[in-house]
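**Student:** sequence and predicted model, in that order:
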Amino acid sequence: MSKKNGKAKGKGLWAEFKAFISKGSVLDMAVGVVIGGAFSAIVTAAVNILLSVCTWAVPGGLKGLVTVLPALNDAQRGMDAAIGLGQSFEAANLQGLAEGLAKQTYGEVTVLANPNLIESIKTTILSKYTLHGTVYTYNMSSIIDWGTLINAVISFIIIALVLFAIVKTAAVLRAKKAEADAKMLEAYYKKHPEERPAPVEPGKPEPTEKEILGEIRDLLKAQAQK
């Protein structure tokens, strides 16, 4: 391939790319993506506010609505169920459980001489448990996260309601615009009855709104030229 042909092909591809990105559909899609991202943030904030109000009296909020399934093997039973570190425990008991496990592991005398061991044990516990509301659950245990399910359902309902309101509002605005255009056209024909189109023959399709507006434009243009 010659150098000229390569340059010509490159210019052709660049021209096609410019034509592609300048299309209205592509620009509309880009605007839709940006607006969709901003709308998602608004919905997320609205859902969080609604959930906070709905779960006001629930300890730990919606995140605390979990069900821990019974352990079927030793791997799901927790770190040490004998001292309280089973499948779950209250967050308020974390410090006491860390102290108990530290004394059991290193001895009471060693722990009293080096209190940092308690914090080390607490870090180990936190690496194996996840906080759900006010309860820590063992990571290896099977749980049913009701809070996440309820959150998804409420988010879906809010998004559906907002989209319904937007579509309904757009339909009302379109109807009002069509009504205003029809009134404007009728007022024009009252002033210029000679330009009123003949009645539509039976079986002949009625003119569309676009065609009517095109006729108005042509008539106004002709009037302006006169």
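**Tutor:** Nice, thanks for sending it over.
**Student:** show the end-to-end separation of stretch 67-86, please.
**Tutor:** In stretch 67-86, first residue to last residue: 14 Å (C-alpha to C-alpha, to the nearest Å).
**Student:** cool, stretch 76-91 as well?
**Tutor:** First-to-last residue span, stretch 76-91, C-alpha to C-alpha: 19 Å.
**Student:** same question, stretch 194-213
**Tutor:** For stretch 194-213, the separation between the terminal residues is 18 Å (C-alpha to C-alpha).
**Student:** just use 2 as the starting number from now, easier for me
**Tutor:** Understood, numbering begins at 2; the last thing we discussed is stretch 195-214.
**Student:** pLDDT of it, averaged?
**Tutor:** Regarding stretch 195-214, the rounded mean pLDDT is 70.
**Student:** please report how far the residue nearest to residue 103 when sequence neighbours are not counted lies from residue 14.
**Tutor:** In space, and not counting its chain neighbours, residue 103 is closest to residue 122: 4.4 Å by C-beta to C-beta, 6 or more residues apart in numbering. C-beta coordinates here come from the backbone N, C-alpha and C atoms, glycine included. From residue 122 across to residue 14, the span is 64 Å (C-beta to C-beta, to the nearest Å).
**Student:** list the helices and strands the helix or strand hosting residue 31 packs on?
**Tutor:** If you go by DSSP states H and E, residue 31 is part of helix 25-55. Applying 3 or more C-beta pairs under 8 Å, 6 or more residues apart in numbering; DSSP states H and E, one finds that helix 25-55 contacts helix 147-192.
**Student:** report the distance from the helix it packs on to the chain centre.
**Tutor:** Its chain's average C-alpha position is 20 Å from that of helix 147-192, according to C-alpha atoms, centre = their mean, to the nearest Å.
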